[in-house]
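Colleague: Quick one, structure for this:
(4 chains)
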Number of protein chains: 2
Amino acid sequence: MLGRVTAEPQPRPHTGRRRNPAVRQAILDCAADLLADNDYSAVSIDAIAQAAGVSKHTIYRWWPSKGAVLLEAMAERARKLTPGLDTGVFADDLETFLAATFRTAVKVSGLLRGIMAEAQRDPVAAEGLRQFTAGRREELRALLARGLRQGELPADSDLDLLVDQFFGLMWYRLLIGHAPLDDTVAARLVRSVILPG
Amino acid sequence: MLGRVTAEPQPRPHTGRRRNPAVRQAILDCAADLLADNDYSAVSIDAIAQAAGVSKHTIYRWWPSKGAVLLEAMAERARKLTPGLDTGVFADDLETFLAATFRTAVKVSGLLRGIMAEAQRDPVAAEGLRQFTAGRREELRALLARGLRQGELPADSDLDLLVDQFFGLMWYRLLIGHAPLDDTVAARLVRSVILPG
DNA sequence: CTCTTGACGAAACTGTCAGTTTCGACAACG
DNA sequence: CGTTGTCGAAACTGACAGTTTCGTCAAGAG
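Modeller: Model (predicted):
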């Protein structure tokens, strides 16, 4: 309706004061820092705004909800820490991937746990988390598919199930905290799935 | 200090009005029902108090926090739905256990997700969830140990890792909601771990 | 240069919810 | 019947998400 009335593809290129990308970045950085350092409960929109020297108004002009801010902060920080190497030796690559993933996850566990909690009540955060985890699953799945092609995994392996077993164990230990999540776990996991020989 | 001064082991057996167990039960039942039906965000202490026809005051006299109430409600409901049979055929028992566990978990997924979210900020709920899941892990671990003794699992299986892979996958799918959690999953999981033959 | 547009900070405001406190019954036991 | 502790009702505090209002400032248009 509205679009028909005006019928202007790009009527006004732009005018007025431009948004400051430094402000946006400061918000994301402070959000991630707060989540990493403090308890999740200590991280409020007001706290982020204060830490970034920004008004709440500005935050809500750029993101629709608290969950959206936290999620983008997490996604950005996670993007920086992805290995993705290929030595040609499947078992080594898988172990490297898992070990690096676990190490990073433990380092930012406060952030991950907070986002997971937020996603259980905020649909925006839930959808974002679904997309974020989908990307991570796709990466691991591609790696496992290579192992399957090279005959290092049983031919009838269910890759989706395997992926969820790995990431599931990771999240389970992160969220409950009953057992460690370190390089040893990564090594044992790899040994439990690859075919002997 | 205080104990020394009085020096009375059981000074006063009891006096005054007795607490009404029906009230306690009503609170737990209503809490579990609310969590099962509605969104978790719709479940507040006020809502539970109103549904149970009880004052908030009464709830807080019996439990220290919201998380404690929800956790006890969950633990009670979960206790009613444990299989624990033994047909002698390990693979069948394992599949039955997993399938029943998944079915129940999906049915009360709103409750489980809410508790998990609560446990990420309330230490009381976190400790309770740790104990609850420890019991579940112990049960599954005992079942797997039987399979190991009977030679149906690889001799070098890491049972703790296996347990966390199973429950991890369950929670992961419950919390993210990207893939189903049904009998088929249980069957495939069993097939992926037992030795052929 | 000046006017318009929109980004931004400050701060007040609304609504919800956890947890506390107060008060007035009321029930059991001595 | 008095003491003791349970219970409901309701007001209250404090924190926080999200909104609104207002004044200011920066950048482009004319």
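Colleague: which residue sits closest to A:Gly67 in space, ignoring its chain neighbours?
Modeller: Leaving aside its sequence neighbours, A:Gly67 sits nearest to A:Ala125 (C-beta to C-beta, 6 or more residues apart in numbering or on different chains; 2.8 Å). C-beta coordinates here come from the backbone N, C-alpha and C atoms, glycine included.
Colleague: What residue spans form the domains of chain A?
Modeller: Listed domain ranges for chain A are A:2-66, A:77-193 (source: automatic domain parsing).
Colleague: which one of those is the most hemmed in?
Modeller: Most buried of the domains of chain A, by mean neighbour count (mean count of other C-beta atoms under 10 Å in any protein chain shown): domain A:77-193, with a mean of 18.
Colleague: near DNA strand D, anything from that domain?
Modeller: Yes - judged by C-beta under 7 Å from any atom of the strand, domain A:77-193 comes into contact with DNA strand D at A:Asp122.
Colleague: can you pull the contacts of A:Ala105?
Modeller: Going by C-beta atoms under 8 Å, 6 or more residues apart in numbering or on different chains, A:Ala105 touches A:Leu112, A:Met170, A:Leu174, A:Leu181.
Colleague: what's the closest of those to A:Leu140?
Modeller: A:Met170 (10.4 Å; C-beta to C-beta).
Colleague: ok, the closest one to B:Tyr172 distance?
Modeller: 8 Å (C-beta to C-beta, to the nearest Å).
Colleague: same thing with A:Val163?
Modeller: Relative to B:Tyr172, and taking C-beta to C-beta, A:Val163 is found at 10 Å.
Colleague: before we move on, what about A:Ser44?
Modeller: Applying C-beta to C-beta, the value for A:Ser44 to B:Tyr172 is 28 Å.
Colleague: again, but for A:Leu28
Modeller: 26 Å.
Colleague: Over to A:Gly147?
Modeller: Distance, A:Gly147 to B:Tyr172, by C-beta to C-beta: 21 Å.
Colleague: wait, isn't A:Asp122 in contact with A:Ser65?
Modeller: Yes - contact criterion C-beta atoms under 8 Å: A:Asp122 and A:Ser65 qualify, at 5.9 Å.
Colleague: Okay, now stretch A:152-163: how far is its last residue from its first?
Modeller: End-to-end distance for stretch A:152-163: 16 Å, by C-alpha to C-alpha, to the nearest Å.
Colleague: Quick check: A:Ala36 vs A:Ala42, distance?
Modeller: From A:Ala36 to A:Ala42 the distance is 12 Å (C-beta to C-beta).
Colleague: Filter the contacts of A:Ala105 down to the ones in helices?
Modeller: Among these, DSSP state H puts A:Leu112, A:Met170, A:Leu174 in helices.
Colleague: now these as CSV including pLDDT?
Modeller: Shown next, in CSV, are those (pLDDT from 0 to 100):
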residue, pLDDT
A:Leu112, 88
A:Met170, 98
A:Leu174, 97
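Colleague: between those, which is closest to chain B?
Modeller: Distance to chain B, by C-beta to the nearest C-beta, is smallest for A:Met170 among the ones in helices among the contacts of A:Ala105, at 7.3 Å.
Colleague: Isn't that closest one up against A:Phe102?
Modeller: Yes - under the criterion of C-beta under 8 Å, A:Met170 is in contact with A:Phe102, at a separation of 6.2 Å.
Colleague: So which residues make contact with the helix or strand harbouring A:Ile115?
Modeller: Using DSSP states H and E, the element containing A:Ile115 is helix A:109-119. Contact partners of helix A:109-119, identified using C-beta under 8 Å, 6+ apart, comprise A:32, A:35-40, A:43, A:66-67, A:70-71, A:73-74, A:77, A:105, A:125-126, A:128-129, A:171, A:174-175, B:116-118, B:120-121, B:175-176.
Colleague: List, out of those, those positioned next to DNA strand C.
Modeller: Counting by C-beta under 7 Å from any atom of the strand, no member of these is near DNA strand C.
Colleague: and the closest residue to DNA strand C within chain A, which of the three is it?
Modeller: As assessed by C-beta to the nearest atom of the strand, DNA strand C sits closest to A:Gly16 within chain A, at 2.5 Å. Here A:Gly16 takes the coil state, with states given by DSSP: H, G, I helix; E, B strand; the rest coil.
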